[in-house]
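> Please find the sequence and the predicted model below.
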Amino acid sequence: MVMHPGIKLRHIRAFLEIADEGSLSAAARARRLTQPALSRSLGELEAMLGQPLFLRQGRGLALTEAGRLFRRHAAAGVEALEAGAAALAPATAGGRIEVGVLPTVAARLFPRVALRFGALRAGIVLSVETGPNTYLLRRLRDGAIDLMVGRMPEAAEMAGLTFEHLYEEEILLCARAGHPLAGLPARDVLRRSPLILPPAGAIIRRPVADYLAAQGLGSVVPVFETVSLAVGRGLLLGSDAVWFISAGVIAEDLARGDLVAIPTGARFLSGSVGMTTRQAGADRPGLDLLIQLTRDLGRRLQGGERVLMPTVEDANASDR
């Protein structure tokens with residue numbers, strides 16, 4: 001079947017924004033359009049495709065089966081078009097972008113973003129540093145970094161800054177595969193295992209402390225404190241310790257089966273992951289592209305899609 005000649009890029013972008021936001025009103029605000037205009041674009045697209053893409057659920061919209069299928073191909077198509085346009089843009093010599101990356105995105109999301117960015121902007125150096133939330137926020141305010149990616153900062157620390165939500169991420173209680181207590185309730189595991197916590201300055205420490213207090217374990221003293229994947233992973237694999245850490249930090253270890261998650265049953269052990277920038281913005285060549293790539297991959301993760309590392313062929317595609 002040939003695509004209807006009336007389908008324009010504006011129709012595709014409107015559909016993807018509505019799918020990302022889950023409602024017409026939120027998508028209209030994100031695209032700076034009126035809700036009737038966005039609704040009209042969606043109606044035109046559905047008419048040209050010959051089937052509905054969304055179902056109404058309360059105040060929001062949910063994708064139909066056809067909508068989910070179309071979204072997967074449409075998102076890939078728009079990404080390919082943007083990559084093609086970027087490949088034709090003049091290379092920027094000597095450019096540099098400074099990025100602060102928190103642990104929750106350092107292992108899974110940001111390496112994929114960086115590799116795609118490097119394939120499209122080979123002339124720009126992407127300088128990436130990690131560190132505690134407070135340190136990176138200070139660097140962002142001082143202009144030493146242009147963008148921070150990770151968990152949403154505390155409201156009291158947001159003066160002069162803007163946060164863009166990408167997806168929700170759980171805080172997990174994890175252990176090595178084969179841990180002798182892994183089949184027990186989390187409360188029993190915590191009572192009988194050495195505990196690794198995030199440091200006091202980490203954003204996720206407060207909800208973890210609240211969870212422990214709710215379990216009557218507020219007085220438990222950890223044996224170690226870290227959010228470092230290398231350190232935490234080594235401690236878990238070499239002992240019967242358990243660790244509270246963001247899911248993104250250990251996603252690859254969980255997928256490989258090296259680590260396992262112990263269910264806590266606590267819905268509040270989650271938080272927003274996204275991008276933090278200065279409200280004044282930063283005039284850096286390539287920064288808009290980096291932000292867009294981060295946004296696209298983050299929203300694909302939010303939708304439950306498995307985002308693979310680019311291959312060498314992907315990286316070389318922009319040269320052909």
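Looks like it came in fine.
> Quick one, grab the pLDDT at the nearest residue to residue 181 once chain neighbours are set aside.
Closest residue in space to residue 181, ignoring its immediate chain neighbours: residue 189 at 4.8 Å, by CB to CB, 6 or more residues apart in numbering. Any C-beta I mention is one placed from the backbone N, CA and C, and that applies to glycine too. Residue 189 carries a pLDDT value of 97.
> likewise residue 25?
Reading off the confidence values, residue 25 has pLDDT 87.
> Would you check that it makes contact with residue 34?
No. Residue 25 is beyond contact range of residue 34, at 10.3 Å (criterion: CB atoms under 8 Å).
> who's in contact with the closest residue to residue 147 other than its chain neighbours?
Among residues not flanking residue 147 along the chain, residue 99 sits closest, at 5.1 Å (CB to CB, 6+ apart). Applying CB atoms under 8 Å, 6 or more residues apart in numbering to residue 99 gives the contacts 110, 126-129, 145-149, 290.
> In the strand or helix carrying residue 99, which of the residues would be classed as buried?
Using DSSP states H and E, residue 99 maps to strand 95-101. Neighbour-count burial for strand 95-101 flags 97-101 (criterion: 16 or more other CB atoms under 10 Å).
> I'd like these laid out as TSV, including distance to residue 166.
Output for the buried residues of strand 95-101, formatted as TSV (distance: CB to CB, whole Å):
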residue	distance to residue 166
97	18
98	20
99	15
100	15
101	13
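> element containing the residue nearest to residue 181, please.
Per DSSP H and E: residue 189 is located in helix 186-192.
> can you list contacts of that helix?
173, 175, 179, 181-182, 212, 215-217, 220, 242, 262-265.
> All the strands of the stretch 101-250 of the chain, in order from the start?
Using DSSP state E, counting those that start in this stretch, the strands of the stretch 101-250 of the chain run over 124-130, 147-151, 161-176, 195-197, 224-225, 242-246.
> Outside of the shortest one itself, list whatever touches it.
Contacts to strand 224-225, defined as CB under 8 Å, 6+ apart, come from residues 194, 196-200, 231-232, 235, 241.
> which ones among those residues are found in helices?
Those of the contacts of strand 224-225 mapping onto helices are 231-232, 235, per DSSP state H.
> From those residues, list just the buried residues.
For these, buried by 16+ other CB under 10 Å: 232, 235.
> Which PyMOL command selects the buried ones in the contacts of strand 224-225?
Burial among these is assessed by 16+ other CB under 10 Å; the matching PyMOL selection reads:
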select buried, resi 196+197+198+232+235+241
